[in-house]
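K.L.:
Coordinates only, no sequence provided:
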Ligand code: NAP
Ligand code: GDD
């Protein structure tokens, strides 16, 4: 018990936070996390309740915008590892609520770093940076990597660039172990159903079952490099296990358009996506990030990381989830 490593996770109730908790508990960590108050109590730890790991983690109310809550917890826990996953993580919604997005995704990281510096300077710090930071920028050979310029195209992306730079600055200025994982899109059956993969899959199952008639989407011609969340949270842990703080791109190296995603998902259910998928203006973004394909050779070489779950396996897992969900309901 006394030798247990301690991890502190913000955003613990999210997709990645829930998988990461499970993963670290299996590695015999004591896991602490913050959740935000929600008027519907069940929503606060929905993904954690489902896992029944709830009893093994210590949850406190907290918010990355509330420095007092962070100071109190870090002073008391003094974690070995901190994973800062808290964010307003939806890119399109960041155009609707830019101020909240910037407060949480940029100033929230500043709060975390200051709290770490004064209360627990030996903790290793992981920042959930994002491929959205690349925006319009693609290297000549069609990939984005650690050296690719950041040209963000959303309030979300701009806030993540600020946070990325701050993390590097704290590493150099105060010699703290602060690292960035630049993760490309990653999905799972725990993904919010307003992100495109889960929206397409959930709707296709609903159409198959006669619950829904059409699927309304925004831009069908953007490309994304999609991996599985379970593979990506392994990378987060490896980044903090590395002997020095550094920044790593985590990606599969494969890219597909939203149109291709629709075809694959609907084909699996013996449906012709062209009959059901329609475009709707409200799902378009004021500026779109058109193309993502990540080169993760640094992480593969230095951390010995590679993805283990294929795109097809992931789509099948997510489709099965919704089929079972509706079967249980009827
Ligand atoms: P997610 O499912 O949306 O989870 C985000 C979590 O952050 C939620 O638990 C949310 O709590 C919490 N949160 C939001 N604002 C907060 C605040 N002010 N204080 C404390 N907690 C707050 O996102 P995810 O997919 O797990 O992603 C985890 C992190 O990785 C995020 O920082 C995201 O931006 C980043 N990222 C994700 C991807 C991806 O493809 N999934 C790729 C690159 C980077 P509530 O439920 O209370 O809102
Ligand atoms: N969400 C959504 N809904 N996206 C749509 C829709 C729709 O109805 N129709 C088309 N899309 C397109 C978007 O325009 C975008 O080009 C692509 O589908 C992916 O959208 P999302 O699944 O919302 O993800 P994202 O790429 O904007 O952001 C995700 O990945 C980032 C890493 O690159 C999020 O997880 C971010 O938190 C993460 O940082």
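P.N.:
Here it is on my side, so go on. Computed from a predicted structure; not experimentally measured. Residues are numbered from 1 along each chain as shown. Ligands and ions are numbered 1, 2, ... in the order given.
K.L.:
The residue in the stretch 1-150 of the chain that ligand 1 sits nearest to: what's it in contact with?
P.N.:
Here the stretch 1-150 of the chain gets closest to ligand 1 at one residue, residue 14, 2.0 Å apart by C-beta to the nearest ligand atom. (C-beta placed from N, C-alpha, C; glycine too.) Listed by C-beta atoms under 8 Å, 6 or more residues apart in numbering, the contact partners of residue 14 are 47, 85-86, 89.
K.L.:
again with residue 9
P.N.:
Here residue 9 is in contact with 17, 20-21, 31-34, 82-83, 85 (criterion: C-beta under 8 Å, 6+ apart).
K.L.:
now the stretch 51-200 of the chain, which segments are flagged as low pLDDT?
P.N.:
By pLDDT under 70, the low-scoring segments of the stretch 51-200 of the chain are 51-54.
K.L.:
Quick one: the helices in it, in order.
P.N.:
67-77, 93-96, 98-102, 108-119, 155-174, 196-208 (DSSP state H, counting those that start in this stretch).
K.L.:
Now tabulate those in TSV and tack on mean neighbour count and distance to ligand 1.
P.N.:
Rendered in TSV, the data for these read as follows (neighbours: other C-beta atoms under 10 Å; distance: least, C-beta to the nearest ligand atom, whole Å):
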stretch	mean neighbour count	distance to ligand 1
helix 67-77	17	9
helix 93-96	16	10
helix 98-102	16	8
helix 108-119	21	6
helix 155-174	20	7
helix 196-208	22	9
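K.L.:
how about these, which one is nearest ligand 2?
P.N.:
Of the helices of the stretch 51-200 of the chain, the one closest to ligand 2 (C-beta to the nearest ligand atom) turns out to be helix 196-208, at 3.5 Å.
K.L.:
hmm, that closest one touching ligand 2?
P.N.:
Yes - against ligand 2, helix 196-208 shows contacts by C-beta under 6 Å from any ligand atom at 196, 199.
K.L.:
so after that helix, what's the next helix or strand?
P.N.:
strand 215-217 (DSSP states H and E).
K.L.:
got the buried residues for that next one?
P.N.:
Counting neighbours by 16 or more other C-beta atoms under 10 Å, one finds that the buried residues in strand 215-217 are 215, 217.
K.L.:
Just checking: what are the partner strands of it?
P.N.:
If you go by DSSP bridges, strand 215-217 pairs up with strand 277-279 (parallel).
K.L.:
outside of the helix or strand following the strand it pairs with, which residues touch it?
P.N.:
Downstream of strand 277-279, the first helix or strand assigned by DSSP H and E is helix 297-298. Contact with helix 297-298 is made by 145-146, 248-249, as judged by C-beta under 8 Å, 6+ apart.
K.L.:
Export those as CSV, with columns for neighbour count and distance to ligand 1.
P.N.:
Formatted as CSV, those follow (neighbours: other C-beta atoms under 10 Å; distance: C-beta to the nearest ligand atom, whole Å):
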residue, neighbour count, distance to ligand 1
145, 16, 15
146, 16, 15
248, 24, 12
249, 28, 11
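K.L.:
Spit out the contact partners of the residue nearest in space to the middle of the chain.
P.N.:
In the chain, the centroid-proximal residue (C-alpha atoms, centre = their mean) is residue 16; its distance is 5.6 Å. Residues in contact with residue 16 (C-beta under 8 Å, 6+ apart) are 85, 128, 186, 229, 232-233, 236.
K.L.:
Mind doing that once more with 7 Å?
P.N.:
Neighbouring residues of residue 16 by C-beta atoms under 7 Å, 6 or more residues apart in numbering: 85, 229, 232-233.
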